[in-house]
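# Sequence and predicted structure, then a few things I'm wondering about:
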Amino acid sequence: MMDESLDSQMTISMGPQHPSTHGVLRLELVLDGEVVVKAKPDIGYLHTGMEKLFEYKKYQQGIVITDRMDYLNPLGNNLAYVMAAEKLLQIEIPPRAQIIRVLMCELQRIASHMVWLGTHALDIGAMSPFFFCFRQREKILNLIEAASGGRMTPSYFRIGGLMMDLPAGFERRVKQFLEDFPAAMDQFETLVSGNTIWQSRTKEIGYISKEDAIDWGLTGPCLRGSGVELDLRRHNPYTGYETYDFEIPVENDGDVWARFRVRMRELYESAKIVRQALERLKPGPTKADAPKVVLPDRDDMRKHMDSLIHHFLIVAEGFNVPEGEVYMPIEASKGELGVYMKSNGGPKPERVHFRGPSFVNLSALPDMSEGELIADVVAIIGSLDIVLGEIDR
Amino acid sequence: MSVISEVLRSAKAVISGMKTTISQIPKEKWTVQYPDVPVTVQPRYRGQHLLHVDEMGKEKCVACYLCAAACPSDCIYIEAEDDPRPYEDRIGRDERYAKVYNIDYGRCIFCGYCVEACPKDAITHGYNFELSVYNRADLLKTKDDLLITKQKQSDKYRVALSSEDVDSEFKEV
């Protein structure tokens, strides 16, 4: 016996190869005409068993796995992971390393938001912002490549400091980027924000109330788009974020447009933090004074026997991390990225779990899209800024 | 009336958008015509590995297995051998050398941990990035492919000087 109202309904599968689902996400949509009655995200196509893999890798080897989770924000993932381990080891990080971490993370945030803006605009039908966004991202990727050697898999942060100090001329190049960036932002504001078609495609769509946003556990720009001021850089500061002067953009509308505005305003704030970090950059050590954990300098290692022994022990056997468990949340570009790490005293973690912001934010998608038109689902997915590598892990 | 004004406003938005887009045409190009024009890579770029030799052409590697221990993806395979002959006749710089040194590029993730681990500076990352092959077995590179004296370097890249502003490099293309 079929319910009569169901006769006009149709179930379609959006994805996993749909270009606007930002990866291999499948949505099971129940449609009544063009209206979405029910939306169900189907995830797991990109599952790679990363959390289990951590248990078989030494602490320092786990860093390279974190690169591959949220591949648009790898430095943020690195930071969360190394900070969890540092919290267990109770290592003090020298100020220069902390400032470089902030600098690189904010550059990475800009790069991540650039991909979001480009693909979000592309989904809705604006083609050219995509190319302009990727040009800006290319500049940042060149900077990251100059510092770490990798473009999308930098592994630049290490437990106890950094892989290497910044290369010569890096500061000048970041300054150059910051000089050009406001012009690029003006371009985006003209092309995207000021566009009437864009505004009518995004305003009053994908609404989520303040209470619902909190109940679903949304974090990052999605939460701030619903009028909740929560930014872990301010409310649970790490790596010295409390000393930087920046605003937390908050919009009250709770729709796609509000989330879009929050991210656009965040780009200006990130550029502001990068500028402040550049001013603070003073010469100094980039590795913590912990010879049993941090690899010695290469010159030291070639000349001194004890450094060489430490080098061999750290690389071959790893270092023992005191027993205990920690939870280390950071504000990644998509929201709260938390690392739960449990150590049993050995060189390999007993359990590493990630609280991925994309995963939690995606869970609110049915709530946002039910009752909307099918064409708007694309806009809603774009406004959530999900990365499937992080959702499936 | 509202439909007409909507159409007008949309047309205005399209025109102002197109104006920005068209104004980009005479400006600097950021794309590189890759196979015809070499790609600029940064000095720290992590490409295909190079096994180094000393000034006399003797291999620097002493087969200490430290790179294999550091590797997160277990892609390095080494077989060590002792070579008690005098320096002139030896293959390696030291008495111990790697008889077999394989890197499986089907597994390698180019993280740079082996380079960091090597106490003899025997292995570094080169800049070759064109590693695709037609046969999966060809991804296993042996010493013949990796030694700096034998590895063929591609002409499809150029390395930026460490102080060079690489971003401006694209502007001339």
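In hand now; what should we look at?
# On the pLDDT front, check residue A:303 for me.
Residue A:303 carries a pLDDT value of 85.
# can you pull the contacts of it?
Under the criterion of C-beta atoms under 8 Å, 6 or more residues apart in numbering or on different chains, residue A:303 has no contact partners. Heads up, the C-betas are built off the backbone N, CA and C, glycines and all.
# Partner strands of the biggest strand by length in chain B, with direction?
Secondary structure assigned by DSSP state E gives strand B:96-104 as the longest strand of chain B. According to DSSP bridges, strand B:96-104 forms sheet pairs with strand B:76-82 (antiparallel), strand B:140-141 (antiparallel).
# what packs against the next helix or strand after the last one?
Along the chain past strand B:140-141, the next helix or strand (assigned with DSSP states H and E) turns out to be helix B:143-146. Helices and strands in packing contact with helix B:143-146 are listed as strand B:49-51, strand B:96-104; criterion 3 or more C-beta pairs under 8 Å, 6 or more residues apart in numbering or on different chains; DSSP states H and E.
# Let's have the ones you listed in CSV, adding mean neighbour count and mean pLDDT.
Formatted as CSV, the helices and strands packed on helix B:143-146 follow (neighbours: other C-beta atoms under 10 Å in any protein chain shown; pLDDT from 0 to 100):
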stretch, mean neighbour count, mean pLDDT
strand B:49-51, 23, 89
strand B:96-104, 19, 90
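# Can you add mean pLDDT and give the strands paired with strand B:96-104 back as CSV?
Shown next, in CSV, are the strands paired with strand B:96-104 (pLDDT from 0 to 100):
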stretch, mean pLDDT
strand B:76-82, 90
strand B:140-141, 90
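# looking at the ones you listed, which is buried most?
strand B:140-141 (a mean of 18; mean count of other C-beta atoms under 10 Å in any protein chain shown).
# Work out the gap between it and the centre of the chain.
From the chain centre to the centre of strand B:140-141 is a distance of 15 Å (C-alpha atoms, centre = their mean, to the nearest Å).
# need the residues of chain B near chain A, please.
Contact residues (C-beta under 8 Å from any C-beta of the partner chain) of chain B with chain A: B:9-10, B:12-14, B:16-17, B:20-21, B:24, B:30, B:41-46, B:65-66, B:69-70, B:72, B:109-113, B:116-117, B:119, B:125, B:160, B:162-167.
# Please narrow those to those residing in helices.
Counted as lying in helices by DSSP state H, out of the residues of chain B next to chain A, are B:9-10, B:12-14, B:16-17, B:20-21, B:66, B:69-70, B:113, B:116-117, B:166-167.
# Can I have the buried ones of those residues as a ChimeraX selection?
Selection of buried members from those for ChimeraX, criterion 16 or more other C-beta atoms under 10 Å in any protein chain shown:
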select /B:13,17,20,21,66,69,70,113,116,117,166,167
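# follow-up on the earlier one: redo the helices and strands packed on helix B:143-146 as a markdown table? Include distance to residue A:77.
Listed next are these as a markdown table, based on distance: least, C-beta to C-beta, whole Å:
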| stretch | distance to residue A:77 |
| --- | --- |
| strand B:49-51 | 25 |
| strand B:96-104 | 25 |
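# Among these, which comes closest to residue A:167?
strand B:49-51 (19.9 Å; C-beta to C-beta).
# middle-most residue in chain B, spatially?
residue B:47 (1.5 Å; C-alpha atoms, centre = their mean).
# which residues does residue A:30 bridge with?
Going by DSSP bridges, residue A:30 forms beta bridges with residue A:11, residue A:38.
# and for stretch A:337-355, what are the contacting residues?
Stretch A:337-355 has contacts (C-beta under 8 Å, 6+ apart) with A:50-51, A:54-59, A:62, A:69-70, A:76-77, A:80-81, A:83-85, A:88, A:317-331, A:336, A:356-357, A:390, A:393.
# I'd like to know which of those residues are buried.
Buried among the contacts of stretch A:337-355 (16+ other C-beta under 10 Å): A:50, A:54, A:57-59, A:62, A:69-70, A:76-77, A:80-81, A:83-85, A:88, A:318-321, A:328-331, A:336, A:356-357, A:390, A:393.
# State the helix or strand in which residue A:178 lies.
helix A:170-188.
# out of the strands paired with strand B:96-104, nearest to residue A:230?
Here strand B:76-82 is closest among the strands paired with strand B:96-104 (C-beta to C-beta), at 45.1 Å.
# out of the helices and strands packed on helix B:143-146, which comes closest to residue A:26?
Per C-beta to C-beta, nearest to residue A:26 of the helices and strands packed on helix B:143-146: strand B:96-104, 33.1 Å.
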